[in-house]
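Asker: the following block contains a protein sequence and its predicted model.
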Amino acid sequence: PGFRPEEANKGFYAGYFRDLDGNKLNAFCMVE
């Protein structure tokens, strides 16, 4: 997905997933 709303020029994206032991692993990206 792109920026929301589309005219925005900064953003923060984050997501997580779980490993086989059930631990949460988080990744994020900040766009300025």
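Answerer: Received it, and whenever you're ready, just let me know what you need. Since the model is a prediction, treat every value here as computed from it, not as a measurement. Numbers count the residues shown, from 1 in each chain.
Asker: what bridges to L25?
Answerer: F17 (DSSP bridges).
Asker: is it in contact with A14, as I believe?
Answerer: No: at 11.7 Å, L25 does not count as touching A14 under the criterion of C-beta atoms under 8 Å. Quick note: C-beta positions are derived from backbone N, CA and C, even for glycine.
Asker: which residue is the nearest non-sequential neighbour of the residue nearest the centre of the chain?
Answerer: The residue lying closest to the centre of the chain (C-alpha atoms, centre = their mean) is A14, at 2.0 Å. Excluding its sequence neighbours, the residue lying closest to A14 (C-beta to C-beta, 6 or more residues apart in numbering) is F28, at 4.2 Å.
Asker: what about that neighbour, how many neighbours?
Answerer: 9 (other C-beta atoms under 10 Å).
Asker: report pLDDT for it.
Answerer: Listed pLDDT for F28 reads 91.
Asker: report pLDDT for D21.
Answerer: With respect to pLDDT, D21 scores 97.
Asker: again, but for the one 3 residues further on
Answerer: We note a pLDDT of 96 for K24 in this prediction.
Asker: from what I can see it touches A14, true?
Answerer: No: checked against C-beta under 8 Å, the pair K24 and A14 is beyond contact range at 11.6 Å.
Asker: which outside residues touch stretch 8-23?
Answerer: Applying C-beta atoms under 8 Å, 6 or more residues apart in numbering, the contact partners of stretch 8-23 are 3, 24-32.
Asker: correction: stretch 24-32
Answerer: Surrounding stretch 24-32, the residues in contact under the criterion C-beta under 8 Å, 6+ apart are 10-19.
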